[in-house]
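# how would this look folded up:
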Amino acid sequence: MTLKYVNESLTFDNIDIQELDQTIQTPYYLYSKNTIDKNVDEYISELKNINSLICYSVKANSNLSILSLFAKKNLGFDIVSGGELHRVIRAGGDSSKVVFSGVGKTDEEIEFALKNNIYCFNVESQGELSRIDAIASLLGVKANISLRVNPEIDANTHPYITTGLSENKFGISQNDVLSVFKMISNFKSLNICGIDYHIGSQIVDLDPFIDSANKVLLLINELEKEQIDLLHVDLGGGLGIGYNNELPISRGEYVRSVSEVFKDKNLKLIFEPGRSLIGDAGILVTKVIEKKNNNGKKFIIVDAGMNDLIRPPLYKAFHKISSVKEHNTSKDLFDIVGPVCETADFFGKDRRISANIGDLIVIEDAGAYGFVLSSNYNSRPRAPEYLISDKDVACIRGREEYKDIIGDEEEYLK
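As a prediction, the model looks like this:
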C-alpha cells in the first residue's frame, strides 16, 4: 500500500487525495496501477523458470480497465460466470487462457465458454460432467476439463470464505475423485487435462497451502497408477494480505513452497490469485457528513455505505481507516458508519481517529471484493472507480445516476 502523509495530507501513490476533492465527488474507489504492476511482477519473477500460468481471479475486481492491465501482462483469467467471460473478452483477454470454475454453470454459460475456446472447465460434480459432454457433443467439439477436488484442509479463515471442507459446496470429495476420473473415459466429448483445488480466501499461513498440495500430490500419484495422465495442476488462489497488521506470507514464499511440492511432476502449475494482486492496490474515499454522540457512544457518519463496501458487516472484515488530514488534535474512539438504514452499516467500530465534518476519510485495502460486491440498496447509486497511472488519475467507471438505478422499470409501469 502506497499511502503516506506528505505535509499533513494523505497521499496515495504520490497523489494528494485532498486535491482530488476539488474534482471528484465522494464516495469513490481509487486504484494504483503501480501497485498492481508490482504485485503481478512478483508472481511473474518467481514463475519465470516454471511451466506455469497465472489466471487472475476476476471475481476479486472485474473492472474492464483492471482486467486490461492483466491482459497486457499476458495473464490468464479464472472466471465463475458467463458475464465474467464476457468481461475478459471485452477487456482484450485471451480466452484460451481462461479456466471456468464454480458449482453452478448453466448450459448457456457452458455453450458460451466452448464457443470461445476456453482453456478448461474446473468441474465440481458428476452431473456437470454429463452436461458439458452433452453440450460439447452438440457443438462438435471436445471440452477440456479438470476435476476440482475437495482436499479436506481447514484454511483457518472466515467460514464464509473457506472452500476446502466437506461441509462446503465446492469440489468433489477426495474419496470420490479417483472413481470420477475413471468414469470420464465413458464421455466421448471430454478431454482430461488436469486437477484443481482451492481451499479458501485470505489465508495468511503457509501450512494449509503446503498440506493441501501434498494431499493433491498423493491423488496425482494414484491417477498415474491408473494410467490417467494430467497436463496441469490448478492450485487455486487464496493468498491473503495484511488488512490489520497481519504478517502474511510473501507471494514469493508462497509460490516457491507450493511449486516445490510438484517439482518432480511434469505438470503445468496454474495459479489463481485475486486479492493478492488487487487487494492492497485500492482504497475507498469517503467524506464525513455528520458526527453524533448517543449517551457517550460516538459516531462518524460518512457518505459511503455498506452498499459500497459490504465486507465489514458480511465477513466482520477489518479495514484500516485513516483521515486524509493529519490532525494534531487528540483522537477519540468512534464507530465509522454510513447512511444506509441498517445497524450493520459500518466500516469500523471503536476506531481512534480525528476527523471533522467535511473531512475526507480513506478505507484502506479495498481493491478486492469492494466495488464488485456493491449494490443499489436504499436506491443508492454505485460509486465511480478511478485509476492512478503515471501520476494521472483517470475515471474507469462513472458514477451511477438515479436513471441508471431505475433502468427500464418505467417501461413496465401500468
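# okay, CA-based contacts and neighbour counts for the rest of this
Noted.
# so where's the stretch 301-414 of the chain shaky on pLDDT?
Across the stretch 301-414 of the chain, not a single residue meets the criterion (pLDDT under 70).
# where along it do the helices fall?
Here the stretch 301-414 of the chain has its helices, by DSSP state H, counting those that start in this stretch, at 311-315, 402-406.
# what helices or strands is the last one leaning on?
Read that as helix 402-406. Helices and strands touching helix 402-406, as assessed by 3 or more C-alpha pairs under 8 Å, 6 or more residues apart in numbering; DSSP states H and E, are absent.
# convert the C-alpha atoms of that helix to CSV, please.
Provided in CSV are the C-alpha atoms of helix 402-406 (Å, rounded to 0.1, in the frame of the first residue of the first chain):
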residue,chain,number,x,y,z
TYR,A,402,-30.8,7.8,-10.5
LYS,A,403,-31.8,7.0,-14.1
ASP,A,404,-29.3,4.2,-14.1
ILE,A,405,-30.8,2.7,-11.0
ILE,A,406,-34.4,2.8,-12.4
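# residues touching it, excluding its own?
Helix 402-406 is contacted from outside by 376, 379-381, using C-alpha atoms under 8 Å, 6 or more residues apart in numbering.
# show the buried residues in those.
When the contacts of helix 402-406 are checked for burial by 16 or more other C-alpha atoms under 10 Å, the buried set is 380-381.
# is it true that D16 touches L10?
Yes: proximity of D16 to L10 meets the contact threshold set by C-alpha atoms under 8 Å, at 6.3 Å.
# show me which of these two is the more surrounded one.
L10 (22 against 18; other C-alpha atoms under 10 Å).
# need phi/psi at the more buried one.
Dihedral pair for L10: phi -70, psi 130, per degrees, to the nearest 10.
# can you tell me the closest non-neighbouring residue to it?
Nearest residue to L10 in three dimensions, chain neighbours excluded: V324, at 4.8 Å (C-alpha to C-alpha, 6 or more residues apart in numbering).
# ok, now which ones touch the one you found?
With contacts defined as C-alpha under 8 Å, 6+ apart, the neighbours of V324 are 9-11, 17-18, 359-362.
# pick the most deeply packed of the helices of the stretch 301-414 of the chain.
Mean neighbour count (mean count of other C-alpha atoms under 10 Å) peaks for helix 311-315 among the helices of the stretch 301-414 of the chain, with a mean of 15.
# which residues touch it?
By C-alpha under 8 Å, 6+ apart, the residues outside helix 311-315 that reach it are 158, 160, 306, 317-319, 344-348, 369-370.
# so which residues of the stretch 51-200 of the chain form helices?
All helices of the stretch 51-200 of the chain, identified by DSSP H, counting those that start in this stretch, fall at 64-72, 82-90, 107-115, 126-139, 177-183.
# how far off helix 64-72 does the second one point, in degrees?
Yep, that's helix 82-90 we're talking about. Interaxial angle of helix 82-90 relative to helix 64-72 (axes from the mean of the first three to the mean of the last three C-alpha atoms, to 10 degrees): 60 degrees.
# circling back: could I get the helices of the stretch 51-200 of the chain as a markdown table with mean pLDDT, distance to I278 and mean neighbour count?
Formatted as a markdown table, those follow (pLDDT from 0 to 100; distance: least, C-alpha to C-alpha, whole Å; neighbours: other C-alpha atoms under 10 Å):
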| stretch | mean pLDDT | distance to I278 | mean neighbour count |
| --- | --- | --- | --- |
| helix 64-72 | 98 | 9 | 19 |
| helix 82-90 | 98 | 16 | 18 |
| helix 107-115 | 98 | 25 | 17 |
| helix 126-139 | 96 | 31 | 17 |
| helix 177-183 | 88 | 33 | 16 |
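# compare the ones you listed and give me the one nearest K331.
helix 64-72 (36.2 Å; C-alpha to C-alpha).
# who does the closest one touch, helix- and strand-wise?
Checked by 3+ C-alpha pairs under 8 Å, 6+ apart, helix 64-72 has helix 82-90 packed alongside it.
# how distant is the helix it packs on from the center of its chain?
Put simply, helix 82-90 sits 15 Å off its chain's centre (C-alpha atoms, centre = their mean, to the nearest Å).
# picking up where we left off before, and the helices of the stretch 301-414 of the chain as TSV, adding distance to E84?
Formatted as TSV, the helices of the stretch 301-414 of the chain follow (distance: least, C-alpha to C-alpha, whole Å):
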stretch	distance to E84
helix 311-315	21
helix 402-406	21
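# out of these, which comes closest to V88?
Minimum separation from V88 across those (C-alpha to C-alpha) falls at helix 402-406, 23.3 Å.
# list the buried residues of stretch 231-246.
By 16+ other C-alpha under 10 Å, the buried positions in stretch 231-246 come out as 232-243.
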